[in-house]
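Asker: quick one, fold the following:
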Amino acid sequence: MSATDLKLDWCSHAAARYAVEHWHYSKSLPTPPLVKIGVWESCRFIGCVLFSRGASPQIGKPYGLQQTQICELTRVALAEHKTPTSKIVMVAIRILAKAYKLRLVVSYADPHHSHVGGIYQAMGWIYAGQVSPTPMFYAPDGKLWHSRMCSANGRKRVYGRWRSVWRYDQCDRIMMPGKYKYLYPLDKAMKTQIAPLAQPYPKRPKDSSEPPAIHAGEGGAAPTRTLQNLFPLRDRMSRPGE
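Answerer: Okay, here's the model as predicted:
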């Protein structure tokens, strides 16, 4: 496969949603605002790489950064593809860094889904340790919800609007293992600053294998409605986050 067969560029919200719903285990888009970078091989849409501000408004505080200087890599949703995932992510980061004055990218690997962050280890990201366990709430709808989406009275303000949510007493509280935190500096000064945070990479248990960071879902690499017709490269977005 020649280098010219791989193309990354801004993609639409519809394209990102399709990729996540079909090829990522979460089946859902992360919290907006989002930077959505689509991926094409031989002019065929095969998925997207998504960046966001992360769930915490204090994401940059541990590193002395403003929220506009840091982002989180939140989804890598790809169908079957030939290009190594690590290369796709690195190209996406270069596009992101060129468009924004960022200094650091953060991402997490979820041990609950048997991930240890193999993709980040392959790219040489700094492993900064495991975060604290997180309480989740198993609701009657069969889904796990973060505490941000549950409340004592069944009402919560979400994105500036009040909405109905599950009450705590309707759910089973489950403690989820802390995620593995990885850091990727975008300049030499930041690399020097976070270097002391580096810890040995976590390893997969010998009796298990880590699922890929991407998850092929309905339709596989060639779903019934061909993706080159759904999201051709010429229909890409002109600016990220729009």
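
Asker: where do the strands sit along this protein?
Answerer: Along the chain, counting by DSSP state E, strands occupy 6-10, 34-41, 44-52, 70-78, 104-109, 126-130, 134-138, 144-146, 150-151, 155-158, 161-164, 166-167, 172-176, 180-185.

Asker: will you turn these into TSV that also has mean pLDDT and distance to residue 20?
Answerer: For every residue, glycine as well, the C-beta is placed using N, CA and C. Shown next, in TSV, are those (pLDDT from 0 to 100; distance: least, Cβ to Cβ, whole Å):
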stretch	mean pLDDT	distance to residue 20
strand 6-10	96	16
strand 34-41	96	10
strand 44-52	96	7
strand 70-78	95	5
strand 104-109	95	16
strand 126-130	96	25
strand 134-138	89	20
strand 144-146	85	17
strand 150-151	92	23
strand 155-158	85	19
strand 161-164	90	22
strand 166-167	94	23
strand 172-176	91	20
strand 180-185	97	20
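
Asker: how about those strands, which one is nearest residue 61?
Answerer: Of all the strands of the chain, strand 70-78 sits nearest to residue 61, with 9.5 Å by Cβ to Cβ.

Asker: given that closest one, what are its sheet partners and their directions?
Answerer: If you go by DSSP bridges, strand 70-78 pairs up with strand 44-52 (antiparallel), strand 104-109 (parallel).

Asker: for residue 37, find the nearest of those.
Answerer: Evaluated over those, closeness to residue 37 peaks at strand 44-52, with 4.8 Å, by Cβ to Cβ.

Asker: can you give me the angle the closest one makes with strand 34-41?
Answerer: With axes from the mean of the first three to the mean of the last three Cα atoms, to 10 degrees as the basis, strand 44-52 and strand 34-41 are set at 160 degrees to each other.

Asker: and the strands paired with strand 70-78 as TSV, adding distance to residue 15?
Answerer: Shown next, in TSV, are the strands paired with strand 70-78 (distance: least, Cβ to Cβ, whole Å):
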stretch	distance to residue 15
strand 44-52	6
strand 104-109	21
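
Asker: dump those strands into CSV; add distance to residue 130 and mean neighbour count as well.
Answerer: As requested, the strands paired with strand 70-78 are exported to CSV (distance: least, Cβ to Cβ, whole Å; neighbours: other Cβ atoms under 10 Å):
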stretch, distance to residue 130, mean neighbour count
strand 44-52, 21, 25
strand 104-109, 10, 22
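
Asker: to residue 142, which of the ones you listed lies closest?
Answerer: Across the strands paired with strand 70-78, residue 142 has its closest neighbour in strand 104-109 (23.8 Å, Cβ to Cβ).

Asker: domains in the protein, by residue range?
Answerer: Here the domain parsing of the chain from automatic domain parsing is 3-133+177-235, 134-176.

Asker: pick the most deeply packed of those domains.
Answerer: Burial of the domains of the chain is given as mean neighbour count (mean count of other Cβ atoms under 10 Å); domain 3-133+177-235 ranks first at a mean of 17.

Asker: scan the chain for its longest helix.
Answerer: helix 85-99 (DSSP state H).

Asker: give me the residues contacting it.
Answerer: By Cβ atoms under 8 Å, 6 or more residues apart in numbering, the residues outside helix 85-99 that reach it are 6, 8-9, 35, 37, 39, 49, 51, 71, 73, 76, 78, 81, 102, 105, 119, 122-123, 184, 186, 212-214, 239-240.

Asker: how about the residue positioned nearest the centre of the chain: what's its closest non-neighbour residue?
Answerer: Computing the C-alpha centroid of the chain and ranking residues by Cα atoms, centre = their mean puts residue 74 first, at 1.7 Å. Spatially, and ignoring its direct neighbours in sequence, residue 74 is nearest to residue 30 (4.1 Å; Cβ to Cβ, 6 or more residues apart in numbering).
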